[in-house]
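Novice: With the input below, show me the fold.
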Amino acid sequence: MQGPLLPSDDAPQPEPNVYELMVVIIAFSAKAHWAMWGPLGLPVIDAIDRWAARQRLYLGSEKNES
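Specialist: Take a look at the predicted model:
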């Protein structure tokens, strides 16, 4: 019986653009959901915007390091 398959160092890694696209899609979907709540969803939408901005900063720093 084989053990779990672990990614090797030479395995292709997804491009950073894939991660940026994931952030955009997740933020858009979450904001659309909370927008249905009307004014009650506005604080969450602001938090989603801040989260997405932090993720973009992190992805940018990762891109600069490599």
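Novice: switch to C-alpha atoms for all contacts and neighbour counts from now on
Specialist: Noted.
Novice: in this structure, which segments are predicted with low confidence?
Specialist: In the predicted model, the chain carries pLDDT under 70 at residues 1-16, 66.
Novice: which residues sit against the helix ranked longest in it?
Specialist: In terms of residue count, the longest helix belonging to the chain (DSSP state H) is helix 42-65. Helix 42-65 has contacts (CA atoms under 8 Å, 6 or more residues apart in numbering) with 16, 19-20, 23-24, 27, 30-31, 34-35.
Novice: which of the residues in that helix are buried?
Specialist: Across helix 42-65, burial judged by 16 or more other CA atoms under 10 Å covers 45, 48, 52, 55-56, 59.
Novice: Show me which of the contacts of helix 42-65 are buried.
Specialist: 23, 27, 31, 34.
Novice: Let's see which of those end up in helices.
Specialist: Reading helices off these with DSSP H, I get 23, 27, 31, 34.
Novice: can I get the residues you listed in CSV with distance to residue 65?
Specialist: Formatted as CSV, those follow (distance: CA to CA, whole Å):
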residue, distance to residue 65
23, 20
27, 25
31, 31
34, 35
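Novice: Just name the closest of these to residue 41, please.
Specialist: Nearest to residue 41 among these is residue 34, at 4.8 Å by CA to CA.
Novice: is it true that the closest one touches residue 41?
Specialist: Yes. If you go by CA atoms under 8 Å, residue 34 and residue 41 touch, sitting 4.8 Å apart.
Novice: Give the residues shared as contacts by those two.
Specialist: By CA under 8 Å, 6+ apart, no residue touches both residue 34 and residue 41.
Novice: ok, residue 44 to residue 63 distance?
Specialist: 28 Å (CA to CA, to the nearest Å).
Novice: Please write out the alpha-carbon positions of the longest helix of the chain in PDB.
Specialist: Extracted in PDB, the C-alpha atoms of helix 42-65 (Å, rounded to 0.1, in the frame of the first residue of the first chain):
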ATOM      1  CA  LEU A  42     -22.200  46.900   4.800                       C
ATOM      2  CA  PRO A  43     -19.800  46.400   7.700                       C
ATOM      3  CA  VAL A  44     -19.000  42.900   6.400                       C
ATOM      4  CA  ILE A  45     -18.500  44.200   2.900                       C
ATOM      5  CA  ASP A  46     -15.900  46.700   4.300                       C
ATOM      6  CA  ALA A  47     -14.200  43.900   6.100                       C
ATOM      7  CA  ILE A  48     -14.100  41.800   2.900                       C
ATOM      8  CA  ASP A  49     -12.500  44.800   1.000                       C
ATOM      9  CA  ARG A  50      -9.800  45.100   3.800                       C
ATOM     10  CA  TRP A  51      -9.200  41.300   3.700                       C
ATOM     11  CA  ALA A  52      -8.800  41.400  -0.100                       C
ATOM     12  CA  ALA A  53      -6.400  44.300   0.100                       C
ATOM     13  CA  ARG A  54      -4.200  42.500   2.700                       C
ATOM     14  CA  GLN A  55      -4.200  39.300   0.500                       C
ATOM     15  CA  ARG A  56      -3.100  41.400  -2.500                       C
ATOM     16  CA  LEU A  57      -0.300  42.900  -0.400                       C
ATOM     17  CA  TYR A  58       0.800  39.500   0.700                       C
ATOM     18  CA  LEU A  59       0.700  38.100  -2.800                       C
ATOM     19  CA  GLY A  60       2.700  41.100  -4.000                       C
ATOM     20  CA  SER A  61       5.400  40.600  -1.400                       C
ATOM     21  CA  GLU A  62       5.600  36.900  -2.300                       C
ATOM     22  CA  LYS A  63       6.000  37.800  -5.900                       C
ATOM     23  CA  ASN A  64       8.900  40.200  -5.000                       C
ATOM     24  CA  GLU A  65      10.700  37.600  -3.000                       C
END
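Novice: Great, nothing more from me.
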